[in-house]
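Enquirer: Give the three-dimensional model of this entry:
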Amino acid sequence: MSRFTLPRDLYHGKGSLEALKTLSGKRAIVVVGGGSMKRFGFLDRVEAYLREAGMEVELFEGVEPDPSVETVMRGAQAMRKFQPDWIVSIGGGSPIDAAKAMWAFYEYPDVTFESLCIPFNFPTLRTKAHFCAIPSTSGTATEVTAFSVITDYAKGVKYPLADFNITPDVAIVDPDLAETMPKKLTAHTGMDAITHAIEAYVSTLHCDYTDPLALHAIKMVSEFLIPSYNGDMSARASMHNAQCLAGMAFSNALLGIVHSMAHKTGAAYSGGHIVHGCANAMYLPKVIQYNAKDPAAAVRYGEIAAHLGLAPNADALVKHIRAMNKALDIPDCIKDYEGGIIDEKEFLEKLPRVAELAVGDACTGSNPRAITPAVMEQLLKACYYDLTVDF
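Expert: Now for the predicted structure:
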């Protein structure tokens, strides 16, 4: 038996932020990241709409990119004090992911972070609050997914939390918010979205419900991401929808080792973080080459390529992804990332441990081709040096 879960309500299109006025409750806490949502006036609108709905409103601001365990705990403490019946999060994937984890600790103060790291091991939520997610970026699709990524900086590890309980009750996909994205963020989040859709399509858990969503999202991102990157706001609105469709697909079909690798390399090096969407973009061509050695996966990649009007094989899809990366000014490999901030010696020293962690990541189990830590080391080296994957 399989399961397909989405938010109860999804409001989309320009101006859909007003849907907040229809929520019913007494108190809402709004979880937000840096200053962009306040700077562009969206946070004020959220507060006004919630008050118009008759709710008392409190803000939890300052969620950092790649939210930490400590931030999650502070947010949960604020929630326990305020006792909201709605948790509303607005912004990129980081504040929404953080708010999902806060939700669990708000309703279950004694739960441990370690227990939540076990896939599909959350306690039953909605005993105290419901959740509304409003994305401002076009990539993570966390507004429709059963996932959250939280970073333990002490260990230098990103943990993907997975449970259908944390799928939001309400998603508001308003393209007005996406118009505020700078170019680099547009590129990185867009490649995150196409990675979601491609991994969902070849996942061992793909099904008739997820396949159409994944294929259409791949086609939309291929058509609209580069124009969106170059400032076409009509294309950006289409990208906001495309990333959401990709999220619907991967939340139910799960992902693969592109994400396993991105999770475990993102915070591993002292030179700096590897931005998640950029990591996915760099690793995706290598993982396609690796997975395509599996005959069934090769067929699936060929179907994606054919859907895009390319030659029906994995090689054509790899060339397509690399061409997109080039147009978006995304490097081909880790060595070239941000002018070489990931030191080669440190990368090689940490390689065995990072490879082991990547194989143990929650996303690895649904990858179409099995992998061992030793082979993962080879694959990560290929991603560092831009080597062809022929193993």
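Enquirer: which residues touch the closest residue to Cys132 other than its chain neighbours?
Expert: Spatial nearest neighbour of Cys132, chain neighbours left out: Val170 (4.2 Å); criterion: Cβ to Cβ, 6 or more residues apart in numbering. In short, each C-beta sits where N, CA and C put it, glycine included. Contacts for Val170 (Cβ atoms under 8 Å, 6 or more residues apart in numbering) come out as 7-11, 19, 23, 130-133.
Enquirer: In strands, which of the residues you listed appear?
Expert: Taking DSSP state E, the ones among those that sit in strands are 9-11, 130-133.
Enquirer: ok, of those residues, which come out buried?
Expert: Neighbour-count burial (16 or more other Cβ atoms under 10 Å) applied to those gives 10-11, 130-133.
Enquirer: Do a quick rundown of the strands in the protein.
Expert: All strands of the chain, identified by DSSP E, fall at 9-12, 27-32, 56-60, 86-91, 130-135, 147-152, 157-162, 170-173.
Enquirer: and stretch 242-256, how far out from the chain's middle?
Expert: 9 Å (Cα atoms, centre = their mean, to the nearest Å).
Enquirer: thinking again about what came up before, turn the ones in strands among the contacts of Val170 into a markdown table, including distance to Ile226.
Expert: Output for those, formatted as a markdown table (distance: Cβ to Cβ, whole Å):
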| residue | distance to Ile226 |
| --- | --- |
| Asp9 | 32 |
| Leu10 | 26 |
| Tyr11 | 28 |
| His130 | 37 |
| Phe131 | 33 |
| Cys132 | 31 |
| Ala133 | 27 |
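Enquirer: Point to the helix or strand of the chain where mean pLDDT is at its lowest.
Expert: Ranked by mean pLDDT, DSSP states H and E, the weakest helix or strand in the chain is strand 157-162, scoring a mean of 85.
Enquirer: which residues make contact with that strand from outside it?
Expert: Strand 157-162 is contacted by residues 66, 100-101, 113, 116-117, 119-120, 122, 146-152, 259, 263-264, 266-268, 357, 361-363 when judged by Cβ under 8 Å, 6+ apart.
Enquirer: in its sheet, what does that strand sit against?
Expert: Strand 157-162 has the following strand partners under DSSP bridges: strand 147-152 (antiparallel).
Enquirer: Report the rounded mean pLDDT for the strand it pairs with.
Expert: Strand 147-152 comes out with an average pLDDT of 91.
Enquirer: Check the spacing between the spatially most central residue of the chain and Ala133 real quick.
Expert: Among the residues of the chain, the one closest to the centroid is Thr140, at 3.1 Å (Cα atoms, centre = their mean). As judged by Cβ to Cβ, to the nearest Å, Thr140 and Ala133 stand 10 Å apart.
Enquirer: With Arg126 instead?
Expert: Taken as Cβ to Cβ, the span from Arg126 to Ala133 is 14 Å.
Enquirer: do Ser251 as well
Expert: When distance is defined by Cβ to Cβ, Ser251 is 12 Å away from Ala133.
Enquirer: do the same with Ala281
Expert: According to Cβ to Cβ, Ala281 stands 24 Å off from Ala133.
Enquirer: go on, Leu317?
Expert: The value you get for Leu317 to Ala133, if Cβ to Cβ is used, is 31 Å.
Enquirer: circling back to that earlier point, mind putting the buried ones among the ones in strands among the contacts of Val170 in TSV, distance to Arg51 and pLDDT included?
Expert: What follows is these, written out as TSV (distance: Cβ to Cβ, whole Å; pLDDT from 0 to 100):
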residue	distance to Arg51	pLDDT
Leu10	23	98
Tyr11	19	98
His130	18	98
Phe131	19	98
Cys132	15	98
Ala133	20	98
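Enquirer: now, which of the residues you listed sits nearest Phe224?
Expert: Proximity of these to Phe224 was ranked by Cβ to Cβ; the top entry is Leu10 with 19.4 Å.
Enquirer: so where is this protein shaky, pLDDT-wise?
Expert: Judged by pLDDT under 70, the chain has no weakly predicted residues.
Enquirer: re the thing from before, give the intersection of the neighbour lists for Thr140 and Ala133.
Expert: Contact with both Thr140 and Ala133 is made by residues Ile96, according to Cβ under 8 Å, 6+ apart.
Enquirer: related to what we said a few turns ago, how close does the closest residue to the residue nearest to the centre of the chain other than its chain neighbours get to Ala235?
Expert: Spatial nearest neighbour of Thr140, excluding adjacent residues (Cβ to Cβ, 6+ apart): Gly93 at 3.1 Å. Look at Gly93 and Ala235: by Cβ to Cβ, they are 21 Å apart.
Enquirer: go on, Lys293?
Expert: Distance from Lys293 to Ala235, by Cβ to Cβ: 35 Å.
Enquirer: that older thread, would CSV of the buried ones among the ones in strands among the contacts of Val170 with distance to Glu107 be doable?
Expert: Converted to CSV, those look like this (distance: Cβ to Cβ, whole Å):
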residue, distance to Glu107
Leu10, 23
Tyr11, 25
His130, 11
Phe131, 11
Cys132, 16
Ala133, 17
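Enquirer: out of these, who's nearest Asp192?
Expert: Looking across those and measuring by Cβ to Cβ, the closest to Asp192 is Ala133, at 16.2 Å.
Enquirer: So the closest one is in contact with Ile172, correct?
Expert: Yes. The criterion here is Cβ atoms under 8 Å, and Ala133 meets it with Ile172 at 7.4 Å.
Enquirer: Show me the common contact partners of the two, please.
Expert: Common contacts of Ala133 and Ile172 (Cβ under 8 Å, 6+ apart): Glu143.
Enquirer: hmm, back to that, now, which of the ones in strands among the contacts of Val170 sits nearest Ile218?
Expert: For the ones in strands among the contacts of Val170, the minimum distance to Ile218 (Cβ to Cβ) is 20.1 Å, reached by Leu10.
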